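A.B. asks: Any chance you can model this:
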Amino acid sequence: MVNLAAVRTALRYGLVGLGVALLSTAQLQALLAERLQRARIAQLGPEVLFQVRLAELALDRLPPATLARLSGLSLRVGALPLTSTNSALAAEGRLLRQQLCRELRPCPTVLPAALPHRGVWVQLLAPLEPVWLLAPIPPARRWPPDPWLLLAGLGLGGSVALLLFFWIEVQRPLHQLQRALGGVGTAAGPPALPEERGTTTVRQLTGRFNAMVRRLGRVEQERSVMLGGIAHDLKSPITRLRFRLSLAGLPGVDLQQAEADLAALERITQQFLLFAGGNDNEVAVAVPLDQLLAEVAAGLDADTLALELQPLLRVVQPVALSRAVANLIDNARSYGAPPLRLVLQSGPPEGEGFRIVLWDGGSGIPAGKWDQALMPFQRLDAARGGSGHCGLGLAIAARVAAAHGGGLERLESDGSGNGPSPAFGFRFGIALWGRSKSQLGS
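C.D. replies: Sure, this is the predicted structure:
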């Protein structure tokens, strides 16, 4: 079966190659004709010089009409003959005059002749009246082109068509595919690519990429629906259990422990909701980050969490960023050690970035387990695991940081004040850094 798309592509680039070949052949032929005409004028110069000298000598003894009849020269007697405005003929006349002026004194006047003649009028030195000699100049051959030039033009046209084919049908679609692959795994996801351009192999590759994007979209949607459904389904029975326990007061039931278990279930449910993408569509607005972080830490006294907040105005997703910082604070309180310190600084690039660091006095997460700690549903028993935690706190913070063009960074200090810690006693820190969403094209 004939592939009509391939036939159309071949015809399109074939016509482009043929057009380039004809154009380049015409230009090469024009250049060659100009060179050949210059060489012809150079050969014509001595012949015209001989005719001029012969005619000037004969005019001393013979009248112009008799001289023209005897010698066969084209002579015109009298006033200025009819001239042409042909620029090419005028240029050829100037070249011929330059050659004549090297041998003749005074330098003769040379004018392009009007049709039907194709040549120039050369003024002769005559004793009685002006006499003009017509020097014919044959036209340059413009077409048909020289066979070798035609072959060179066809080769150039074929090369240009081939380069265009590779650039438009292969290279450009592959560049688009490369850029789209960079968007795989991001919150927005890569866009679908057009499948009608490119070679058969490129179109097949683009089609498979689009199919992969659709599958990833379905998987992400199913994951979000599943996690969101689980979380929403758990919220109602947790609320009812909390209400019934507050009313029951059953003997032998440790209400305090039951309340703690319910609080742990509620925390897990909230983490599932956040990880399911509850803030992906939050609008970014300009907020003072120092006031936002002060509100996050409002429930804690200064002895529990010290604040060192630089006044900064940035365009962020405030709800998502608040919950990410709250996760870091909760982890540090549960699994770190006092003292705790929350630091806000301006980060690179200047005027766009921000850097939030939470320090504590604990041993923190080992460097070898840092990557594992950032993975969803991964609990590190020795450092960041425990009741009410499902291994999503740092994963959510990392996702929020990535949405702001940044990430999470592990920091260590020796606790002496000589390391990156701002004061004595702080040993482990987690830095959440990013920049304004407006700088990311959001």
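
A.B. asks: helices or strands next to the longest helix belonging to the chain in the packing?
C.D. replies: Across the chain, the longest stretch assigned as helix under DSSP state H is helix 4-59. Helices and strands touching helix 4-59, by 3 or more Cβ pairs under 8 Å, 6 or more residues apart in numbering; DSSP states H and E, are helix 64-71, helix 87-101, strand 119-124, strand 131-136, helix 147-165. Glycine gets a C-beta too; all of them are placed from N, C-alpha and C.

A.B. asks: mean pLDDT for the ones you listed: which is lowest?
C.D. replies: Looking at the helices and strands packed on helix 4-59, the lowest mean pLDDT belongs to helix 147-165 (a mean of 74).

A.B. asks: Work out the gap between that one and the centre of the chain.
C.D. replies: Mean C-alpha position of helix 147-165 versus that of the full chain (Cα atoms, centre = their mean, to the nearest Å) differs by 30 Å.

A.B. asks: how about stretch 365-381 as CSV, C-alpha atoms only?
C.D. replies: The C-alpha trace of stretch 365-381 is given here as CSV (Å, rounded to 0.1, in the frame of the first residue of the first chain):
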residue,chain,number,x,y,z
ILE,A,365,18.9,11.8,59.0
PRO,A,366,22.1,10.0,58.1
ALA,A,367,23.5,11.1,54.8
GLY,A,368,23.3,7.7,53.3
LYS,A,369,19.5,7.5,53.9
TRP,A,370,18.7,11.0,52.8
ASP,A,371,17.5,9.9,49.3
GLN,A,372,15.4,7.2,50.9
ALA,A,373,13.8,9.7,53.3
LEU,A,374,12.6,11.8,50.4
MET,A,375,10.8,8.8,48.8
PRO,A,376,7.0,8.6,49.4
PHE,A,377,5.9,6.0,52.0
GLN,A,378,9.4,5.5,53.3
ARG,A,379,9.8,5.5,57.1
LEU,A,380,13.2,5.6,58.7
ASP,A,381,12.7,4.0,62.1
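
A.B. asks: now that stretch, how far from the centre of its chain.
C.D. replies: 36 Å.

A.B. asks: how about the helices and strands packed on helix 4-59 in a markdown table, adding mean neighbour count and distance to residue 396?
C.D. replies: Below are the helices and strands packed on helix 4-59 laid out as a markdown table (neighbours: other Cβ atoms under 10 Å; distance: least, Cβ to Cβ, whole Å):
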| stretch | mean neighbour count | distance to residue 396 |
| --- | --- | --- |
| helix 64-71 | 15 | 107 |
| helix 87-101 | 17 | 78 |
| strand 119-124 | 23 | 90 |
| strand 131-136 | 21 | 93 |
| helix 147-165 | 16 | 48 |
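
A.B. asks: quick one: which of the ones you listed is nearest residue 28?
C.D. replies: Set against residue 28 and scored by Cβ to Cβ, the helices and strands packed on helix 4-59 come closest in helix 147-165, at 4.7 Å.

A.B. asks: orientation of the closest one relative to helix 4-59 in degrees?
C.D. replies: On the basis of axes from the mean of the first three to the mean of the last three Cα atoms, to 10 degrees, helix 147-165 is oriented at 150 degrees to helix 4-59.

A.B. asks: And helix 147-165, what does it pack against?
C.D. replies: Applying 3+ Cβ pairs under 8 Å, 6+ apart, one finds that helix 147-165 contacts helix 4-59.
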